[in-house]
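**Q** For reference, the sequence and a predicted model appear below.
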Amino acid sequence: MPTNQFSGPDPHVAASAGHRDAPPRYGFFTDTSVCIGCKACEVACKEWNAIPEDGLELTGMSFDNTGRLGADSWRHVAFVEQRKPLVGPPPDESHRGVDALAAAAQGVTVPEQGGWPAPLVPEQPGRGGDGGSAGDTDLRWLMASDVCKHCTHAACLDVCPTGSLFRTEFGTVVVQEDICNGCGYCVPACPYGVIDQRPDDGRAWKCTLCYDRVGVGMEPACAKACPTDSIQFGELDELRERAAARVEQLHGDGVGSARLYGHDPEDGVGGDGAFFLLLDEPEVYGLPPDPVVTTRDLPRMWAHVGVAAATMLGGLAAMFVGRRS
Amino acid sequence: MSTSDVTRDGIRGAHPGREARVGGTGEQRWRPRGQRTAAPEYSPDSYYGLPVLNPPRWAATDIAGYFFLGGLAGGSSVLAAGGHWTNRPGLARPAKLVALGAVSGSVVALVHDLGRPARFLNMLRVFKITSPMSVGSWLLAAYGPAAGAAAITDLTGWFPRIGATATATAAVLGPLVAAYTAALAADTAVPAWHEGHRELPFVFVSSAALAASGASMIAAPTAQTGPARRAAVLAAAGELAATARMERRMGMVAEPYRTGWGGRLMKAAKALTVAGAVGGALLGRRSRVAAGVCGAALLVGSACTRFGVFHAGMESARDPKYTVEPQRARVRERAARAAEENVA
Ligand code: SF4
Ligand code: SF4
């Protein structure tokens, strides 16, 4: 049933866009807790979609030399190195600040808190020879493969004046490069900084969620290439259930920082078609903490435009009334 | 390698190791005490200081220039109609010509900014109320010919009835041309534009009226520019009030309107606008030279406003703090409200 809402949940996003008998909505669940930062997704995406090379510079900031999503990067693996324990209590309960060496020199063990082992526990059997797992250090690496969110309410699509951006029967958002005239409006409209114009070509480009592959029953190239299944492709409803279970599991394992991002149909964009499990605040990965589709406020914008235009017309007309000079 | 595959009937052969345990063994070592919320403390981080948004690829001269020219055209059309029907031909004719020139220039700027200028007409492929650029394209398609017919019939004296209709049409559509560009800028994720979506239309129509008054003060005989001079005073007051209100409501996102290029241009706009409007009102009737100088100040001031708004928006898109901080504040506020409700 076609509806015309600018924000809020929309369980039948393809039908709202006018697709009859649409298949279920497909999407990505990117579970960053198992990402190893191999960038196979970035490579597979570039290969499959024939995305041109866009510079071979080293950023010098981390192992991430892609930087961010753009016209020529439809998957981007973020890489963050932090002085935070991976497994363990939230930061206020950590043992940071405890001088373990001084304590050891005094022959005093650091008291255990809440079942969390003290920093200097001897190597445990079955843990490998590295003196403990990553959870026993104060350092962690966060890796996350970012992608177009295929928003339920996609600002890029809403503002596109040519109809180049459209909603597919799978509920995804795709640019038609034979129609795009490179007006560039979609670029600042996207609240996630995903879509961008290719300067030499002029048109806008972004992830298609492998519309060509999904259309013939194959999973997208990035998900296919991901060796850890950090990128999971499937029906959105199923992915949401699986993601909820995964967060529970991680919380049970003591990873208190695990949280979902973009899964909630009540959020500012009506929920993302591609959502994430993160281990820190979204902004740490370069994601906006509370994105809102800009068109949510469009009715009010048009109302203000109307009043302003009427004021201008009336105000200027009034200047002609009466006086003769 | 992934072993799963999607078929029309769903997923087959999902990877068995997909639920790998983080931290090695998977045994539970730390159990949350009390109520653990998944939304933890605030961290002011960003991803290596990179922007969250993709800043517009628009060129300042094209897009801010387009805002300025659209405003100048729209305002001039209203003044032209006023002159037309109050027997001020010396005001009406130049205003009609300015409107035609400005709207032509604005279309050139718009097409020039396209990545694929040859596909300009794709703008008229669909009509989308959700896209201010689409609405604006159709608006221009209606307004442009009207402004053109008004100017040409005035110059040639041919078809006076058509000329009158065109003048009236352009006067009604002109303010919309001047105002819609505010929605065009505000209907983006750019913080300094979107957060101003209530006041920006008023800033833009004031700026448009100032530019049009300025052009008339330059081009028309002083005996007929009384309405333009009065309009400048009213519009200057309106612009100052709307800008002040906008910046107040925006909070920290207003910073780019006060610092850097955005700040410099906005300050210059304010000074030029006040000087031009007050000077015009005091001296514009007596001295043609003073009227010209004040008119020029108003025109340049209006351009400064448009370029100032443009640059403030670009800056707010480039610095991630303008995106993250207000959103983070919203999240915190919601969490606090939820906590309160839990207690109650
Ligand atoms: S993330 Fe951006 S580019 Fe992707 S659908 Fe949403 S608004 Fe469009
Ligand atoms: S750049 Fe292309 S895809 Fe983006 S809004 Fe303009 S026409 Fe649509």
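**A** Here it is on my side, so go on. Ligands and ions are numbered 1, 2, ... in the order given.

**Q** end to end, how far does stretch B:212-225 reach?
**A** In stretch B:212-225, first residue to last residue: 11 Å (Cα to Cα, to the nearest Å).

**Q** same check, this time on stretch B:107-119
**A** Counting by Cα to Cα, you get 14 Å between the two ends of stretch B:107-119.

**Q** Would it count as contacting chain A?
**A** Yes - using Cβ under 8 Å from any Cβ of the partner chain, stretch B:107-119 reaches chain A at B:113-117, B:119. Glycine gets a C-beta too; all of them are placed from N, C-alpha and C.

**Q** Export those residues to a markdown table and append columns for distance to ligand 1, secondary structure and neighbour count.
**A** Formatted as a markdown table, the residues of stretch B:107-119 next to chain A follow (distance: Cβ to the nearest ligand atom, whole Å; DSSP: H, G, I helix; E, B strand; the rest coil; neighbours: other Cβ atoms under 10 Å in any protein chain shown):
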| residue | distance to ligand 1 | secondary structure | neighbour count |
| --- | --- | --- | --- |
| B:Asp113 | 20 | helix | 20 |
| B:Leu114 | 19 | coil | 20 |
| B:Gly115 | 16 | coil | 19 |
| B:Arg116 | 19 | coil | 17 |
| B:Pro117 | 24 | helix | 13 |
| B:Arg119 | 20 | helix | 21 |
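
**Q** for those, which one is nearest B:Arg286?
**A** Nearest to B:Arg286 among these: B:Asp113, at 42.3 Å, using Cβ to Cβ.

**Q** thought that closest one was touching B:Asp62?
**A** Yes - with contact taken as Cβ atoms under 8 Å, B:Asp113 and B:Asp62 are classed as touching, separated by 3.7 Å.

**Q** So which residues on chain B come close to ligand 2?
**A** Taking Cβ under 6 Å from any ligand atom, no part of chain B reaches ligand 2.

**Q** Now do the SS call for A:Asp178.
**A** coil (DSSP: H, G, I helix; E, B strand; the rest coil).

**Q** Sorry, slip of the keys, the one I care about is A:Asp264.
**A** From three-state DSSP, the assignment for A:Asp264 is coil.

**Q** sorry, back to before: shared neighbours of B:Asp113 and B:Asp62, which are they?
**A** With Cβ atoms under 8 Å, 6 or more residues apart in numbering or on different chains applied, the contact sets of B:Asp113 and B:Asp62 do not overlap.

**Q** Is any residue of the longest helix belonging to chain B near chain A?
**A** With secondary structure taken from DSSP state H, chain B has its longest helix at helix B:288-318. Yes - for a cut-off given as Cβ under 8 Å from any Cβ, helix B:288-318 has contacts with chain A, namely B:313, B:317.

**Q** and if you look at stretch B:63-83?
**A** Yes - judged by Cβ under 8 Å from any Cβ, stretch B:63-83 and chain A are in contact via B:74-75, B:78-79, B:82-83.

**Q** what does stretch B:218-229 give?
**A** Yes - applying Cβ under 8 Å from any Cβ, one finds stretch B:218-229 touching chain A at B:223-224, B:226-228.

**Q** That concludes my questions; thank you for your assistance.
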